[in-house]
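In: Sequence and predicted structure are below.
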Amino acid sequence: QVHLVESGGDFVQAGGSLELACTASGIIFSIRTMGWYRQAPGKQRELVADVLSSGSANYADSVKGRFTIYRDNAKNTVYLQMNSLKPEDTAVYYCYTDLVVTGREHIYDSWGRGTQVTVSA
C-alpha cells in the first residue's frame, strides 16, 4: 500500500501564489506518473498537470503558463507551483499516481486525501 500526503493548500488572494507538495510514503522502487487533479464544488474532478519520472510534463489548458509541476524522484515527491492564481482555481487538489512499484507489488491508481486551495477575488 502507498500513502500520498498532500500539503500546501491555503487561502490566497487573486494574483497570488501557492506551492503544493505531495509525498508518497512506503518502500518504493519507482513511480511512473505523478500528478494533480482538482475538484471544485459541483464539478467533476479534472486533471491539472502530471509528470513522468523523466520529467516530461502535461498541463490542462486552463493552467498553462501559470502552473509548473515538477518532482523529486529521490524523495518520491511531486510539487505544483501555482502562480497568478484566479478565483476559478478554487478547488480541492488531489495528488495522484498511476503506478507505484514497491518491493512486493505494483500499485495502480492511488489518490491522496486532498488539500483545499481557495482564491478570493
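Out: Nice, thanks for sending it over.
In: my read: Gln1 touches Gly26, true?
Out: Yes - in this structure, Gln1 is within contact of Gly26 by CB atoms under 8 Å, at 6.9 Å. Every residue, glycine included, has its C-beta placed from N, CA and C.
In: between these two, which one's more packed in?
Out: Neighbour comparison, Gln1 and Gly26: the larger count goes to Gly26, with 15 against 10 (by other CB atoms under 10 Å).
In: show me the contacts for the nearest residue to the more buried one once chain neighbours are set aside.
Out: For Gly26, the nearest residue in space outside its immediate sequence neighbours is Val2; the separation is 4.8 Å by CB to CB, 6 or more residues apart in numbering. Neighbouring residues of Val2 by CB atoms under 8 Å, 6 or more residues apart in numbering: Ala24, Ser25, Gly26, Ile28, Thr97, Val100, Thr102, Ile107, Ser110.
In: max-length strand in the chain?
Out: Longest among the strand segments of the chain by residue count, using DSSP state E, is strand 91-102.
In: Give the next helix or strand downstream of it.
Out: Later in the chain than strand 91-102, the nearest helix or strand by DSSP states H and E is strand 106-111.
In: taking the mean pLDDT, what do you get for that next one?
Out: Averaging pLDDT along strand 106-111 gives 94.
In: Go ahead and flag the most central residue of this structure.
Out: If you average the C-alpha coordinates of the chain and look for the closest C-alpha using CA atoms, centre = their mean, you land on Trp36, 2.8 Å from that point.
In: check which helix or strand covers that residue.
Out: Since the elements are taken from DSSP H and E, Trp36 ends up inside strand 33-39.
In: Pull the distance from that strand to the chain's centre.
Out: Taking the mean of its C-alpha atoms, strand 33-39 sits 4 Å from the chain's own mean (CA atoms, centre = their mean, to the nearest Å).
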